[in-house]
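Asker: Show me how the following folds:
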Amino acid sequence: MKKIVLVGLVVLLFTSCDQFIPKNITIDNKSNAKAIVNVKTFTDSNKEEWNKDYEILAGKKTSLSLLYYNISVDLKSVGRNHLKKLSSSQYQILNSSSVPFIVYNTTSKQVNLSDVNNLFDSTVVNPNQENVSIDIFNPQKAQPIAVSVPDGIVLQAQIQGNKIIIKY
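Answerer: Now for the predicted structure:
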């Protein structure tokens with residue numbers, strides 16, 4: 001009788017315990033710039049359990065041990081790199097390839113063209129100049145700013161296709 005009770009208690013002990021096996025994920029920054037990555041974990045009912053940002057320097061790797069299997073990894077920083085998922089536990093941050101754009105300055109002022117997120121190098125465009133070529137990384141997130149050089153007036157810089165048009 002004692003053996004049956006002991007076996008029953010042991011079976012009850014093992015079946016009632018939730019055993020979490022940690023899941024290890026690795027994020028490798030192979031780009032030329034630092035990146036901020038957001039990692040979230042979710043319970044089985046899709047309730048957000050944990051949310052944290054990690055800064056990963058260029059050329060460095062970060063390994064995390066997480067208790068939940070439902071994991072979301074996103075690149076939070078906007079820059080000249082992108083996140084690539086290799087497997088459910090392996091991620092890489094790589095340099096983005098550039099896309100050529102043509103700049104049209106329709107104003108009568110010399111303009112300094114730059115981007116909020118540094119997705120392209122700052123360029124000076126002369127008055128009424130067309131066909132200035134620039135390379136933009138992650139063009140879907142580009143936010144160009146055009147400022148006239150002598151007087152500092154902020155002008156409109158609109159993206160249309162693979163063109164940036166500067167106007168008053």
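
Asker: Okay, helices next: where are they in the protein?
Answerer: For the chain, the helices defined by DSSP state H cover 2-16.

Asker: Domain-wise, how is it divided?
Answerer: Structural domains assigned to the chain are 19-95, 98-167, following automatic domain parsing.

Asker: I'd like to know which of those domains is closest to residue 8.
Answerer: Nearest to residue 8, of all the domains of the chain, is domain 19-95, at 19.6 Å by Cβ to Cβ. Where you see a C-beta, it was placed from the backbone N, CA and C, and this is true even at glycine.

Asker: Nearest residue to the residue nearest the centre of the chain in space, please, no chain neighbours.
Answerer: Centroid-nearest residue in the chain, with Cα atoms, centre = their mean: residue 75, separated by 2.6 Å. Distances taken as Cβ to Cβ, 6 or more residues apart in numbering place residue 83 nearest to residue 75, at 4.1 Å, with adjacent residues excluded.

Asker: Residue 164 contacts residue 155, doesn't it?
Answerer: No. The criterion here is Cβ atoms under 8 Å, and residue 164 misses it with residue 155 at 11.3 Å.

Asker: neighbour-wise, which of these two wins?
Answerer: More neighbours surround residue 164 than the other of residue 164 and residue 155, with 26 against 18 (other Cβ atoms under 10 Å).

Asker: Now that one. Nearest residue, chain neighbours left out?
Answerer: Excluding the flanking residues, the one nearest residue 164 by Cβ to Cβ, 6+ apart is residue 103, at 4.8 Å.

Asker: Please tell me I have it right and that neighbour contacts residue 162.
Answerer: No. Shown here, residue 103 and residue 162 do not form a contact pair, counting by Cβ under 8 Å, at 10.5 Å.

Asker: And those two? Which one has more around it.
Answerer: residue 103 (22 against 11).

Asker: distance of that one from residue 96?
Answerer: In this view, residue 103 and residue 96 are 20 Å apart by Cβ to Cβ, to the nearest Å.

Asker: Going along the chain, name the strands of this structure.
Answerer: Under the criterion DSSP state E, the chain contains strands at 23-29, 35-42, 48-56, 61-66, 70-75, 81-85, 90-95, 98-105, 111-115, 123-125, 132-137, 144-148, 154-160, 163-167.

Asker: can you list those strands in JSON lines and add distance to residue 1 and mean pLDDT?
Answerer: Converted to JSON lines, the strands of the chain look like this (distance: least, Cβ to Cβ, whole Å; pLDDT from 0 to 100):
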{"stretch": "strand 23-29", "distance to residue 1": "43", "mean pLDDT": "93"}
{"stretch": "strand 35-42", "distance to residue 1": "45", "mean pLDDT": "91"}
{"stretch": "strand 48-56", "distance to residue 1": "44", "mean pLDDT": "89"}
{"stretch": "strand 61-66", "distance to residue 1": "44", "mean pLDDT": "91"}
{"stretch": "strand 70-75", "distance to residue 1": "44", "mean pLDDT": "90"}
{"stretch": "strand 81-85", "distance to residue 1": "56", "mean pLDDT": "94"}
{"stretch": "strand 90-95", "distance to residue 1": "53", "mean pLDDT": "96"}
{"stretch": "strand 98-105", "distance to residue 1": "78", "mean pLDDT": "95"}
{"stretch": "strand 111-115", "distance to residue 1": "78", "mean pLDDT": "95"}
{"stretch": "strand 123-125", "distance to residue 1": "87", "mean pLDDT": "93"}
{"stretch": "strand 132-137", "distance to residue 1": "74", "mean pLDDT": "94"}
{"stretch": "strand 144-148", "distance to residue 1": "82", "mean pLDDT": "95"}
{"stretch": "strand 154-160", "distance to residue 1": "81", "mean pLDDT": "94"}
{"stretch": "strand 163-167", "distance to residue 1": "85", "mean pLDDT": "94"}
